[in-house]
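build me a model from this:
(chains A, B, C and D)
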Protein chains: 4
Amino acid sequence: MDLRIKMRIAIAGGAGYTAGELIRILVNHPQVEIKYVQSESHAGEAVYVVHRDLLYLPLTFGDIDFSDIDVLFLCMGHGVSEKFLSAHQIPATVKIIDLGNDFRLAENAHGFVYGLPELSRETIAKSSYIANPGCFATAIELGLLPLAALNGLPDEISVFGVTGSTGAGQKPVADTHFSNRCNNLSNYKVFIHQHLSEINETLKRAGAENSYDLAFVPVRGCHTRGIIIDTVFRTSASVRELTDLYKAYYAVHPFVCVSDEPLYLKQVVNTNYCFIHITQQGKQTLVTSVIDNLLKGASGQAVQNMNLMSGLEETMGLNLKANYF
Amino acid sequence: MDLRIKMRIAIAGGAGYTAGELIRILVNHPQVEIKYVQSESHAGEAVYVVHRDLLYLPLTFGDIDFSDIDVLFLCMGHGVSEKFLSAHQIPATVKIIDLGNDFRLAENAHGFVYGLPELSRETIAKSSYIANPGCFATAIELGLLPLAALNGLPDEISVFGVTGSTGAGQKPVADTHFSNRCNNLSNYKVFIHQHLSEINETLKRAGAENSYDLAFVPVRGCHTRGIIIDTVFRTSASVRELTDLYKAYYAVHPFVCVSDEPLYLKQVVNTNYCFIHITQQGKQTLVTSVIDNLLKGASGQAVQNMNLMSGLEETMGLNLKANYF
Amino acid sequence: MDLRIKMRIAIAGGAGYTAGELIRILVNHPQVEIKYVQSESHAGEAVYVVHRDLLYLPLTFGDIDFSDIDVLFLCMGHGVSEKFLSAHQIPATVKIIDLGNDFRLAENAHGFVYGLPELSRETIAKSSYIANPGCFATAIELGLLPLAALNGLPDEISVFGVTGSTGAGQKPVADTHFSNRCNNLSNYKVFIHQHLSEINETLKRAGAENSYDLAFVPVRGCHTRGIIIDTVFRTSASVRELTDLYKAYYAVHPFVCVSDEPLYLKQVVNTNYCFIHITQQGKQTLVTSVIDNLLKGASGQAVQNMNLMSGLEETMGLNLKANYF
Amino acid sequence: MDLRIKMRIAIAGGAGYTAGELIRILVNHPQVEIKYVQSESHAGEAVYVVHRDLLYLPLTFGDIDFSDIDVLFLCMGHGVSEKFLSAHQIPATVKIIDLGNDFRLAENAHGFVYGLPELSRETIAKSSYIANPGCFATAIELGLLPLAALNGLPDEISVFGVTGSTGAGQKPVADTHFSNRCNNLSNYKVFIHQHLSEINETLKRAGAENSYDLAFVPVRGCHTRGIIIDTVFRTSASVRELTDLYKAYYAVHPFVCVSDEPLYLKQVVNTNYCFIHITQQGKQTLVTSVIDNLLKGASGQAVQNMNLMSGLEETMGLNLKANYF
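From the prediction side, this is the model:
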């Protein structure tokens, strides 16, 4: 593409968490101009009224002129994206990336491609419509992808995942009340989390043919950002073999690092990275994967997909300073 | 009183934070039987459905039989207590302690006595109706009471107070959303906090006759429980004189300790104590006072008042294990 | 026993976290007088210099006169208790409760009885020497005890446990630095935690005869107090059968409640309770157990054991107000 | 300068917090190449062993070849910079930026210029040696600079400042132990904080000629990053006049924004911004300023100074995505 011309971007559902993160990334992306940030509830207000770090940003929530954009991000509540697309005439030249879950499953895809670059980079690069993966789904899939690709998933897999309060969205509810959440932990949607469907589809697409049994316990953590996934199974493959397998698989993927050292969550917070570590005792095996749920689990991955779809460097605009502390 | 007969207690507005704390104290109070916990929104539900630590407590939210109680606690939203009392016939023998702000000011007292035991223990002991002080008010008043009693308040006083999320009540709002509150600080109601009126009335009642200028900056802290008040003024009295004055004043008050060592908030969290420390450099003087906003700042002080009104030991049921960590 | 005479207590290793919690409980225990709090590093200092909530407590760290006590608590670093006992002549009439791990395993017991009241209440009641269980061990064992008692442990068990910073003790290290710990999560001692030995011994003692495979992933959480244990396995027993089994087993144990509702950690923080909940989807089964690591996981259980050994009510002094927020 | 040639950078004291933040910024700075990261304690280790987000960074702690660098950052403990410079021969062509406090005061400057760009941008641009301001000093100075420039400082100023745990450095101590710090607040160095000297020098240099009385209460907050400064004084100037004055003063300074809306700390966390807001009731006036102590209060400001000294755009490499949550 002609690098002198910036891509024109619109964000629909611009007042939520993932939209805010998207704006924070895109204001510094060298090949992007944010043209429109749409929000029904905040129409006419300055963007910084909602995303209050952006005090200096001269943008106002307003309607989108679809004839004036190249890429459209949908940051709407689950179930709303499809309605939004039905309600508007959008030129075929506009690329669309949906951060909701409307188009992630094959049966509802409507031509959208599941946007996990570490599984389908080439397909994504040729697509115009991307269903951006869920946050838990991303972290769990990246923790199992190399095994699935070998059709080597264990029969029984127990997954324990702790997510931050931003995973619950911005609407204040009892579970995100600071008085309740601080210094607390609790399980939710045990064994029935809605991401299980896209996880299973993805693992099968990657190559898993056997009927494994994956039990997933999601946990609300007393932190704001980030997901840690602990995936436990028994295997006779050694930790060295597994680590080598994972390193080989991810060697060509800039945002996944396989670490020889144990991990902690904040290594990746406020970045687009997924870090992975494997440890073992006898046959007991643990794969740990950590991501920022709002970045690699949402808006960062969306920009990664946008870069791939647009022929840009995959990492462009995504060299983010970790918050770290 | 006859110690073989327990006082029969009712709590109106039983689903909120202060009611929960009151129940947690009263279930272990040796002279109390909780007869009724009233809640409109939760009528018919078990108390443990709301106050979930009390899994073992066989109490259900329901209406109050006012002829069957000795003490009534009102734990309702501000402005609701007066309506509740108007709507019900309550025998004159029933003692009432209101944890809201309806009756705290002289102009609205309706016979209620402002329940700060460290100012008015004898009056409280003879009263049947108590207006329990506000949380910020309690901590600020205790930090200035000995000076006010000498009519020695400085001309200019700057007060900085940080409160926890429980001070904002249980309704989830943006300011108490964990994603916003964690790792954050912000001011609110700067110089205009609603407790300023009761603070000024209390200081005058204690003996302050001059027209001091008290500027109060309330701050939302990223903690759940507790208030730290930093009161700054200039004085030529020495730190030794001030400390001695405070120690003498509070010597007879079991829940206020004047410390020679610097303080931190968690020394008093989950207790009914107020700890105070004074430090100085030249004329610059700092009085620090710390309390648990839900206990000495609300439900603990209410029980302290109940004890005084009932001729019981002031500390009965209030020897609480500090949470400390 | 003669209730007019209080038991005389000494605490060795009095400056640490568990000693502080023990003092906080025992100062309000109606049948106890704390006679001695020993600490090498703080000899001669007031106890409140270290345990700073106890500003009002007139106790000083000093040596123990073993002829003047009835019960001795050892709150020393792991490995130190045995040395301490060897170095001192302690009358045979003195009951000893060790909160360290020196005497927990059969091969090192030296006559100490493993002090899990929900397994061995009668034996404890007749013992003079108690090895108090580890914190993770307590929570994991209570989550599996009813199954072990039926010799019904599943073949493969995956246990995820998140503990607070107080579990790491009071010595400041990198992992407990607030800058690192806040908003963070990390695994440690994966599959090799030192409590696994006492867990396996306990489960066998309870009745487990099969060779189950228990994989335990301990996690450092960004909270201060409390352990949540998620135990995952597959079984064809229904959640109803399991819940009934657990309720029946724990019906006679005052500090274990089996809840029909999902749990969260803070329901038990600052109490001596263990709450348990079971949920299921198909054969995937989750048993969740939550405790306060410093209370039911240490000092609270130690007092529970003291009560049993002394013929007192098991719950005496342990009706603690939950911190809850 | 020739933009094709990157500046060669060395960092001495590379294992600490400010060095880590400096590296995180500089790895993405388009005109910089990090040549050397020196650390005595970690010599020979990979940089990512200490700064663990930088897993992908091929840099090793080692000695500095001073003939091979253009800019040297000193990130050493206070008092160590001067010794380091004495111990090494550093060519006169090497620009030096000291993040410690060795050269901040006029009496110890040794030719270093106090690097507050909002006061001395032109002088900094012509200097080779910069003493980077302290974190509290930066936030307090920016909150008073426009008044000082008019010689309009009030007679009595009370300053409350809350800082995060990263302000205390990386060495684990009792005050930064998570068990102590979480949910806690405490004062320290009340009225005697070491930054008071540089604050007073700066305000005088800016134009303050009167003898004001500034009382500063520093507070340890239960957050990791960021400083909020509440500066209270009485004035007859209106909030409108003050806000206009501040906006005019900072109009040419890209990293200071004067907000018409109340602030909170996380608006600036993980950015190089200082946000300021003024509010008033009668004569009671509050100026609030918020910064990230590790960025605008340390490493970000150091890069801002480097840019100015090197003729680069002041904001280059400093368009950082706010962490925000």
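
contacting residues around residue A:123?
Residues counted as contacts of residue A:123 (CB atoms under 8 Å, 6 or more residues apart in numbering or on different chains) are residue A:113. To be clear about C-beta, it is placed using only N, CA and C from the backbone, and glycine gets the same treatment.

so it sits in a helix?
Yes: counting by DSSP: H, G, I helix; E, B strand; the rest coil, residue A:123 is found in a helix.

any idea how far residue A:63 is from it?
Computed with CB to CB, to the nearest Å, the distance linking residue A:123 and residue A:63 is 32 Å.

same question, residue A:182
39 Å.

between the two, who's got more neighbours?
Per other CB atoms under 10 Å in any protein chain shown, whichever of residue A:182 and residue A:63 has more neighbours is residue A:182, with 27 against 13.

give me every residue that touches the more buried one.
Counting by CB under 8 Å, 6+ apart, residue A:182 makes contact with A:222, B:165, B:178, B:182, B:223, B:224, C:223, C:325, D:183.

so can I have TSV of those showing pLDDT?
Conversion of these to TSV gives the following (pLDDT from 0 to 100):
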residue	pLDDT
A:222	98
B:165	98
B:178	98
B:182	98
B:223	98
B:224	98
C:223	98
C:325	96
D:183	98
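
show me where chain A has helices.
If DSSP state H is used as the criterion, the helices of chain A fall at A:17-26, A:80-87, A:117-125, A:135-149, A:178-181, A:196-206, A:239-250, A:299-309.

now the first one and helix A:135-149, what's the angle there?
So the one you mean is helix A:17-26. Between the direction of helix A:17-26 and that of helix A:135-149, the angle (axes from the mean of the first three to the mean of the last three CA atoms, to 10 degrees) works out to 70 degrees.

does chain C have contacts with helix A:17-26?
No: contact of helix A:17-26 with chain C is not found when judged by CB under 8 Å from any CB of the partner chain; the minimum separation is 16.0 Å.

does that helix come close to chain D?
Yes: using CB under 8 Å from any CB, we find that helix A:17-26 touches chain D at A:17, A:20, A:21, A:24, A:25.

cool, and the fourth one?
No: judged by CB under 8 Å from any CB, helix A:135-149 stays clear of chain D, getting no closer than 13.3 Å.

I'd like the average pLDDT over that helix.
The pLDDT scores in helix A:135-149 average 98.

CA atoms only: put stretch A:243-262 into PDB for me.
Extracted as PDB, the C-alpha positions of stretch A:243-262 are listed here (Å, rounded to 0.1, in the frame of the first residue of the first chain):
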ATOM      1  CA  THR A 243       9.000 -26.500  25.200                       C
ATOM      2  CA  ASP A 244      10.800 -27.200  21.900                       C
ATOM      3  CA  LEU A 245       7.500 -27.900  20.200                       C
ATOM      4  CA  TYR A 246       6.000 -24.600  21.400                       C
ATOM      5  CA  LYS A 247       9.100 -22.600  20.600                       C
ATOM      6  CA  ALA A 248       9.200 -24.000  17.000                       C
ATOM      7  CA  TYR A 249       5.500 -23.300  16.600                       C
ATOM      8  CA  TYR A 250       5.700 -19.700  17.800                       C
ATOM      9  CA  ALA A 251       9.100 -18.800  16.300                       C
ATOM     10  CA  VAL A 252       7.400 -16.900  13.400                       C
ATOM     11  CA  HIS A 253       4.800 -15.200  15.600                       C
ATOM     12  CA  PRO A 254       6.100 -11.900  17.000                       C
ATOM     13  CA  PHE A 255       3.600 -11.600  19.900                       C
ATOM     14  CA  VAL A 256       4.000 -15.100  21.500                       C
ATOM     15  CA  CYS A 257       7.100 -15.700  23.600                       C
ATOM     16  CA  VAL A 258       7.800 -19.100  25.100                       C
ATOM     17  CA  SER A 259       9.800 -18.500  28.300                       C
ATOM     18  CA  ASP A 260      12.100 -21.000  30.000                       C
ATOM     19  CA  GLU A 261      11.400 -19.200  33.300                       C
ATOM     20  CA  PRO A 262       8.200 -19.100  35.300                       C
END
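
buried residues, it. List them.
A:243, A:245-247, A:249-250, A:253-259 (16 or more other CB atoms under 10 Å in any protein chain shown).

and these, which is closest to chain B?
Chain B lies nearest to residue A:255 out of the buried residues of stretch A:243-262, by CB to the nearest CB, at 23.8 Å.

which residues are in contact with that closest one?
Under the criterion of CB under 8 Å, 6+ apart, the neighbours of residue A:255 are A:117, A:118, A:272, A:273, A:274, A:296, A:304, A:314, A:315, A:318.

change it to 6 Å
For residue A:255, the set of contacting residues under the criterion of CB atoms under 6 Å, 6 or more residues apart in numbering or on different chains consists of A:272, A:273.

then residue A:63?
Contacts of residue A:63 were listed using CB under 6 Å, 6+ apart, and none were found.

let me know the pLDDT of it.
Here, the pLDDT recorded for residue A:63 equals 97.

any idea how far residue C:196 is from the residue with the largest distance to the centre of chain A?
Of all residues in chain A, residue A:282 sits farthest from the chain's C-alpha centroid, using CA atoms, centre = their mean; the distance is 33.1 Å. Here residue A:282 is placed at a distance of 12 Å from residue C:196 (CB to CB).

and for residue A:256?
Counting by CB to CB, the gap from residue A:256 to residue C:196 is 32 Å.

equivalent analysis for residue A:191, please.
When distances are taken as CB to CB, residue A:191 and residue C:196 turn out to be 26 Å apart.

over to residue A:280?
As for residue A:280, its distance to residue C:196 is 15 Å (criterion: CB to CB).

output the set of residues of the stretch 51-200 of chain A in proximity to chain B.
Applying CB under 6 Å from any CB of the partner chain, one finds that the stretch 51-200 of chain A approaches chain B through A:165, A:166, A:172, A:173, A:174, A:176, A:177, A:178, A:179, A:181, A:182.

so what's the residue count around the first one?
The criterion is other CB under 10 Å. On that basis, residue A:165 has 27 neighbouring residues.

looking at it, it is touching residue B:178, isn't it?
Yes: under the criterion of CB atoms under 6 Å, residue A:165 is in contact with residue B:178, at a separation of 3.9 Å.

need the pLDDT of residue A:1.
As predicted, residue A:1 sits at a pLDDT of 51.

counting neighbours, which of the residues of helix A:17-26 next to chain D comes out on top?
Each of the residues of helix A:17-26 next to chain D was scored by neighbours using other CB under 10 Å; the highest score is residue A:21's, at 29 neighbours.

from chain C, how far out is the residue nearest to residue A:135 when sequence neighbours are not counted?
For residue A:135, the nearest residue in space outside its immediate sequence neighbours is residue A:297; the separation is 3.0 Å by CB to CB, 6 or more residues apart in numbering or on different chains. In this structure, residue A:297 and chain C are 15 Å apart, going by CB to the nearest CB, to the nearest Å.

ok, now residue A:299?
Distance from residue A:299 to chain C, counting by CB to the nearest CB: 19 Å.

tell me how many other residues crowd residue A:46.
The criterion is other CB under 10 Å. On that basis, residue A:46 has 15 neighbouring residues.

any idea what it is bridged to?
Beta-bridge pairing of residue A:46 under DSSP bridges involves residue A:60.

show the pLDDT at it.
pLDDT for residue A:46: 97.

the one 4 residues further on now?
The pLDDT attached to residue A:50 in the predicted structure is 97.

could you do residue A:17 as well?
Reading off the model, residue A:17 has pLDDT 97.
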